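A.B. asks: what shape does this take:
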Amino acid sequence: RWPEVAREDPRGPEIIRHHPRLDPAMIRPGRVDVIHEVGDATPHQMRTLYLNFFPDQPQLADAFADALSGSSVSMALLQSYLLVWRHSAEQACEGAAELATGVAQARDARAMRPRPPPREAKGG
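C.D. replies: All right, here's what the predicted structure looks like:
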């Protein structure tokens, strides 16, 4: 059955952010199979990801997670950050607090922007 669906809609599975902004008809049962919210990284995930890059640095992994504790940081952002610093475990750890500050400032700036009005459901 999947090949027929793929021919009709070649996009396949979609990842949609901001689903509350979508027309309710787009997210009704039958159109959307799974809704899964991916939240921010937990301290355990932060530590584990750091250890994936620097397996011999458990103390720095703890310091890294502590520096980011309470921050709204995604796993994707952390992975990008660690890729940049992949050659220096110490610099990656030292810059974690600055990363947390930058993420908080960006979030605050986004909160200050005016938001467009939500879309209304179209009758049908």
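A.B. asks: every contact and neighbour count from this point should use C-alpha atoms.
C.D. replies: Will do.
A.B. asks: touching stretch 51-67 from outside, list them.
C.D. replies: Around stretch 51-67, the neighbours that count as contacts under C-alpha atoms under 8 Å, 6 or more residues apart in numbering are 43-44, 46-48, 50, 82, 86, 89-90, 92-94, 96-97, 100.
A.B. asks: that stretch: which residues count as buried?
C.D. replies: Residues of stretch 51-67 classed as buried: Leu51, Phe53, Phe54, Leu60, Ala61, Asp62, Phe64, Ala65, Asp66, Ala67 (neighbour count, 16 or more other C-alpha atoms under 10 Å).
A.B. asks: one more: stretch 79-96?
C.D. replies: Neighbour count says stretch 79-96 has Gln79, Leu82, Trp85, Arg86, Ala89, Ala92, Cys93, Ala96 buried, by 16+ other C-alpha under 10 Å.
A.B. asks: quick one on the thing from earlier: from the contacts of stretch 51-67, which ones fall inside strands?
C.D. replies: Among those, no member falls in strands (criterion: DSSP state E).
A.B. asks: just the ones of the buried residues of stretch 51-67 in helices?
C.D. replies: Judged by DSSP state H, those include Leu51, Phe53, Leu60, Ala61, Asp62, Phe64, Ala65, Asp66, Ala67 as members of helices.
A.B. asks: give the rounded mean pLDDT of stretch 94-112.
C.D. replies: Mean per-residue pLDDT for stretch 94-112: 86.
A.B. asks: alpha carbons of that stretch, as PDB, please.
C.D. replies: The C-alpha coordinates for stretch 94-112 follow below in PDB (Å, rounded to 0.1, in the frame of the first residue of the first chain):
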ATOM      1  CA  GLU A  94      33.900  26.100  29.000                       C
ATOM      2  CA  GLY A  95      31.600  27.600  26.400                       C
ATOM      3  CA  ALA A  96      28.500  25.800  27.600                       C
ATOM      4  CA  ALA A  97      27.400  28.600  29.900                       C
ATOM      5  CA  GLU A  98      27.700  31.100  27.100                       C
ATOM      6  CA  LEU A  99      25.600  28.800  24.900                       C
ATOM      7  CA  ALA A 100      22.900  28.700  27.600                       C
ATOM      8  CA  THR A 101      23.000  32.500  27.800                       C
ATOM      9  CA  GLY A 102      22.700  32.900  24.000                       C
ATOM     10  CA  VAL A 103      19.800  30.500  23.800                       C
ATOM     11  CA  ALA A 104      18.000  32.400  26.500                       C
ATOM     12  CA  GLN A 105      18.600  35.700  24.800                       C
ATOM     13  CA  ALA A 106      17.300  34.300  21.500                       C
ATOM     14  CA  ARG A 107      14.200  32.900  23.200                       C
ATOM     15  CA  ASP A 108      13.500  36.300  24.800                       C
ATOM     16  CA  ALA A 109      14.000  38.100  21.500                       C
ATOM     17  CA  ARG A 110      11.500  35.700  19.800                       C
ATOM     18  CA  ALA A 111       9.000  36.300  22.600                       C
ATOM     19  CA  MET A 112       9.200  40.100  22.000                       C
END
